[in-house]
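Peer 1: sequence below, structure please.
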Amino acid sequence: MIWVDADACPVKAEIERVATRLGHPASFVSNGGLRPSANPLIQMVYVAEGPDVADMHIADRAGHGDVVVTNDIPLAAKCVAAGARVLRPDGEALTPANIGNVLATRDLMADLRSADPFRQGGGRAFSKADRSRFLDVLDRTVRAAMREANG
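Peer 2: Okay, here's the model as predicted:
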């Protein structure tokens, strides 16, 4: 299964395209506002409103053989720990080798932002190159997860 933290995901169309091409199901999890897909491989899961409800839904279900797409670092850490393959929408893979550093950087940046109310957040804008890289990495990652799941 491809699990998608879908509320703010900028690559939903790319995920649906890969799922369709590979015949692999995907579950888009959100707390509403997403248009349902007519694609039989795409499942829309609507969870209750509230902080981290969609994240908890994904974290409770993702594991070996699954791919998770999220920008939420704490969710990514839980999914990596459960054995899932995790990708950010820009194509960056979050793995047991790098998730600790990514989580620590996230926490440091949160501390810096809270210490300086004038600090404006914001990394670089999401680009066409990010979208293209994500599409390539997702295709390879789903294929590897399918091989893992089929033994």
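
Peer 1: next, give phi and psi for Glu92.
Peer 2: Per-residue torsions, Glu92: phi -70, psi 130 (degrees, to the nearest 10).

Peer 1: that one and Thr141, how far apart?
Peer 2: 11 Å (C-beta to C-beta, to the nearest Å). Yep, even glycine has a C-beta here, placed from its N, CA and C like the rest.

Peer 1: the more surrounded of the two?
Peer 2: Higher neighbour count among Glu92 and Thr141: Thr141, with 20 against 17, using other C-beta atoms under 10 Å.

Peer 1: give the contact list for that one.
Peer 2: By C-beta atoms under 8 Å, 6 or more residues apart in numbering, the contact set of Thr141 is 67, 85, 87, 93.

Peer 1: let's go with 6 Å and repeat that
Peer 2: By C-beta atoms under 6 Å, 6 or more residues apart in numbering, the contact list for Thr141 reads 67, 85.

Peer 1: then Ala125?
Peer 2: Applying C-beta under 6 Å, 6+ apart, no residues contact Ala125.

Peer 1: so it: helix, strand or coil?
Peer 2: Classification of Ala125 by DSSP: H, G, I helix; E, B strand; the rest coil places it in coil.

Peer 1: tell me how many other residues surround Asp52.
Peer 2: Asp52 - counted by other C-beta under 10 Å - has 12 other residues nearby.

Peer 1: please report the distance of it from Ala26.
Peer 2: Separation of Asp52 from Ala26 (C-beta to C-beta): 21 Å.

Peer 1: give me the residues contacting stretch 2-11.
Peer 2: 15, 19, 26-30, 34, 58, 62, 66-70, 72, 89, 126, 134.

Peer 1: are any of these buried, and which?
Peer 2: Buried members of the contacts of stretch 2-11, counted by 16 or more other C-beta atoms under 10 Å: 15, 19, 26-30, 34, 58, 62, 66-70, 72, 89, 134.

Peer 1: let's see which of those end up in helices.
Peer 2: 15, 19, 58, 134 (DSSP state H).
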